[in-house]
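In: Build me a structure from this.
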Amino acid sequence: MIGIFAGLWLIISACDDGPDTPDELARWYEEVAIIDNALVGINSVKDPESGIRMLITKLGTALPAQKNNTVDVDYIGRRFEDKVVFDQGNTSLKLSDYIPGWQIALSKLPAGSEAKLIIPSLYGYGTSGSGSGVPPNTILEFDIKFNDVTPSTAEVARLGTDTTAIDAYLDGKGITAIKDSTGLRYVITTPGSGPPLVSWYDKLSLKYSIKLLSDDTKTIVSLERTPSDQFYSRPVDYIMGMIIGLQKLSIGSKAVLYVPSGYAFGADGASDGAGTSIPPNSNIIVEVELSDVD
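Out: Now for the predicted structure:
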């Protein structure tokens, strides 16, 4: 997922099926314009990098999916422009087994949600189409009920190991942190004085830095982010640990997040290709300051 952690290139990108040729790029622009024009005046959530739209009718409260999670979804699939149904039913597979459009949407939509997904063909069945009634270059529309997310056995085991290590670190440092039910630990060092807590799709202006739990003397990267046309800077645009942690904050808050590796950069780690890296299975410390909420 490009843009989750600007400053490091994410090896663990959920999918990167962006336009590779001028023809693909031109087609993508054309389809995004078709979708945007059809939705003028309709409230929706947009992913700026892919052009995917989510019209949310019920917002869930559980976490979005990660690539190795199994997702359970009821769905009806249509061709967007003529509304012909090409598939429907229930599915339960790993997130990484689905078309890129589902991978993106279900990683930004909390489980328990109900929504309409509108997906440019590049993130659907592309120039090949599908034998189930989807011609090449077809914009897709799915009505979904995102029932559940189930982590793998390995992910559950890793989370247990990571939270034990984080708790031992906190005890050793004499730090009293809030233990979130997800496994995140956090300390709000400066309470906010602004509006109520951040929600899933608020656009944020913030500063944050990242250290390894195993070496808290060294800041790996320090960044300041504000919303732009290319990167909306919402909780769902960051790593899972920040998705969880940012929603504990309001304007003016400062906090330290102690993030298990599975909610950070996982078994793949991350690198910017220029020597800055986060090793695989690294628990991290994120210091964050939230200055504004749009």
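
In: This protein: helices as residue ranges?
Out: Along the chain, counting by DSSP state H, helices occupy 22-38, 100-106, 153-173, 240-246.

In: looking at those helices, which is closest to residue 283?
Out: Shortest distance between residue 283 and the helices of the chain, using C-beta to C-beta, is found for helix 153-173: 5.4 Å. The C-beta positions use only the backbone N, C-alpha and C, and glycine is treated the same way.

In: Next one, pLDDT for residue 261 please.
Out: Confidence at residue 261, expressed as pLDDT, is 98.

In: That one against residue 281, yeah?
Out: Yes: look at residue 261 against residue 281 with C-beta atoms under 8 Å: they come within range, at 4.6 Å.

In: residues shared between the contacts of these two?
Out: 158, 162, 267 (C-beta atoms under 8 Å, 6 or more residues apart in numbering).

In: right, and residue 271 touches residue 279 too?
Out: No: if you go by C-beta under 8 Å, residue 271 and residue 279 don't touch, sitting 9.5 Å apart.

In: Those two: which has the busier surroundings?
Out: Taking other C-beta atoms under 10 Å, residue 271 and residue 279 do not tie; residue 271 has more neighbours (16 against 13).

In: Just list whatever residues bridge to that one.
Out: Beta bridges link residue 271 to residue 9, residue 277, judged by DSSP bridges.

In: and the residue nearest to residue 142 when sequence neighbours are not counted, what does it touch?
Out: Closest residue to residue 142 apart from its sequence neighbours, by C-beta to C-beta, 6 or more residues apart in numbering: residue 117 at 4.5 Å. By C-beta under 8 Å, 6+ apart, the contact list for residue 117 reads 52, 53, 54, 101, 102, 105, 140, 141, 142, 144.

In: do the same with residue 111
Out: By C-beta under 8 Å, 6+ apart, residue 111 lies in contact with 60, 62, 63, 64, 65, 71, 146, 147, 148, 149.

In: Just the buried residues from those residues, in ChimeraX please.
Out: To isolate the buried ones among the contacts of residue 111 in ChimeraX, judged by 16 or more other C-beta atoms under 10 Å, type:
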select :60,63,64,65,71,146,147,149
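
In: Closest to residue 183 out of the contacts of residue 111?
Out: When those are compared for distance to residue 183 (C-beta to C-beta), residue 63 wins out at 10.5 Å.

In: So the closest one is in contact with residue 241, correct?
Out: No: with contact defined as C-beta under 8 Å, residue 63 does not reach residue 241; the gap is 10.7 Å.

In: Pull the number of nearby residues for residue 286.
Out: Residue 286 sits with 22 neighbouring residues when counted by other C-beta under 10 Å.

In: Let me see the contact set for it.
Out: Residue 286 touches 208, 209, 210, 241, 242, 245, 256, 257, 259, counting by C-beta under 8 Å, 6+ apart.

In: Quick check: the gap between residue 160 and residue 285.
Out: Per C-beta to C-beta, to the nearest Å, residue 160 is found 19 Å from residue 285.

In: Low-confidence regions, the protein specifically.
Out: Scanning the chain for pLDDT under 70 picks out 1-17.

In: Lovely, talk soon.
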